[in-house]
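K.L.:
with the input below, show me the fold.
(one chain, ligands or ions: 2)
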Amino acid sequence: MIHVTSHDALLIIDLQNDFLPGGALAVPQGDAVIPVINHLTLLPFGQQAASQDWHPHGHISFASTHGRKATTDHWPDHCVAGTHGAAITAALHQSRISMVIRKGRDPDIDSYSAFMDNDRATRTGLDSWLAGLGINRVFIAGLALDYCVRFTAIDAKALGFETIVVEDACRAVGSDPQATWQDLARHGITRAHASELAGL
Ligand code: VGL
Ligand code: ZN
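P.N.:
Ligands and ions are numbered 1, 2, ... in the order given. The predicted structure follows:
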């Protein structure tokens, strides 16, 4: 068992309509994580934060911006700021979430991580917010495991937080989640099942 305390934070990554079935960039079985994450929100985390992918029209990550077809570095238009697709799913229990980070807002740089842009230059402020509230360990859940969850976890660890990815609370958009788990392990990030987490 892993006991969740007030020094732990839950980070809920990109649980947005566009990443769920029917959305513009749907993650296969993405909706399966919702009940798992709703269960996690009941644990005694000191803080709970959510991130939102939040792109302007014509964002650099959109295939359409370059007149191309979507691939895995050029995505379909998704999570356009203020749209229904960019909204956090209404099925998520948000009552204990005290911080929402909107990332990927610069038209010229993508931001997979909830901590900083992909060019590593601009931070979102999430790290100082967490540290300022006495958080030293983060549990990460959400979509997509192989992109935004992975980048967020690697940055969390590099920024000094003990980092645990809740495996049944994540789904990958690509076909090889094993490569992601190996990458995370290499960075000293551990994984746990939601059922291993408990209050004191
Ligand atoms: C994501 C692709 C593009 C994610 C965001 O949330 O994992 N993936 N933008
Ligand atoms: Zn995006």
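
K.L.:
how about the residues of the protein by ligand 1?
P.N.:
Contact residues, the chain versus ligand 1 (Cβ under 6 Å from any ligand atom): 14, 19, 53, 61, 75, 143-144, 147-148. For the C-beta atoms, the positions are set from N, CA and C on the backbone; glycine is no exception.

K.L.:
farthest pair within those residues?
P.N.:
In the residues of the chain next to ligand 1, the most distant members under the criterion Cβ to Cβ are S61 and L143, with 15.4 Å between them.

K.L.:
which one of the two is surrounded by more residues?
P.N.:
For S61 versus L143, neighbours defined as other Cβ atoms under 10 Å are more numerous around L143 (29 against 22).

K.L.:
next up, phi/psi of that one, please.
P.N.:
In terms of degrees, to the nearest 10, the main-chain angles of L143 are phi -130, psi 150.

K.L.:
wait, it sits on V27?
P.N.:
Yes. Here L143 reaches V27: they are 4.8 Å apart, a contact under Cβ atoms under 8 Å.

K.L.:
spatially nearest residue to W75, not counting backbone neighbours?
P.N.:
If the residues on either side of it in the chain are set aside, W75 comes closest to S61, at 5.3 Å by Cβ to Cβ, 6 or more residues apart in numbering.

K.L.:
list the contacts for that neighbour?
P.N.:
For S61, the set of contacting residues under the criterion of Cβ atoms under 8 Å, 6 or more residues apart in numbering consists of 55, 73-75, 104, 110.

K.L.:
out of those, who's nearest I2?
P.N.:
The shortest distance between I2 and any of the contacts of S61, using Cβ to Cβ, involves G104 and amounts to 30.8 Å.

K.L.:
the closest one: how many residues sit nearby?
P.N.:
27.

K.L.:
assess the claim that it and S113 are in contact.
P.N.:
No. Under the criterion of Cβ under 8 Å, G104 is not in contact with S113, lying 9.9 Å apart.

K.L.:
separation between the residue nearest to W75 and D73?
P.N.:
Counting by Cβ to Cβ, to the nearest Å, the separation of S61 from D73 is 8 Å.

K.L.:
nearest spatial neighbour of D127, skipping sequence neighbours?
P.N.:
In this structure, D127 finds its nearest non-sequential neighbour in L159, 4.6 Å apart by Cβ to Cβ, 6+ apart.

K.L.:
F161 now?
P.N.:
V138 (4.8 Å).

K.L.:
what residues of stretch 166-176 count as buried?
P.N.:
166-173 (16 or more other Cβ atoms under 10 Å).

K.L.:
ok, back up a step: overlap of the contact sets of L143 and V27?
P.N.:
Overlap between the neighbourhoods of L143 and V27 consists of 19-20, 171, 173, taking contacts as Cβ under 8 Å, 6+ apart.

K.L.:
top strand in this protein by residue count?
P.N.:
The residue-count maximum for a strand in the chain (DSSP state E) belongs to strand 162-171.

K.L.:
immediately after it, which helix or strand?
P.N.:
Reading on from strand 162-171 to the C-terminus, the next helix or strand found by DSSP states H and E is helix 177-186.

K.L.:
what mean pLDDT does that following helix have?
P.N.:
Throughout helix 177-186, pLDDT has a mean value of 97.
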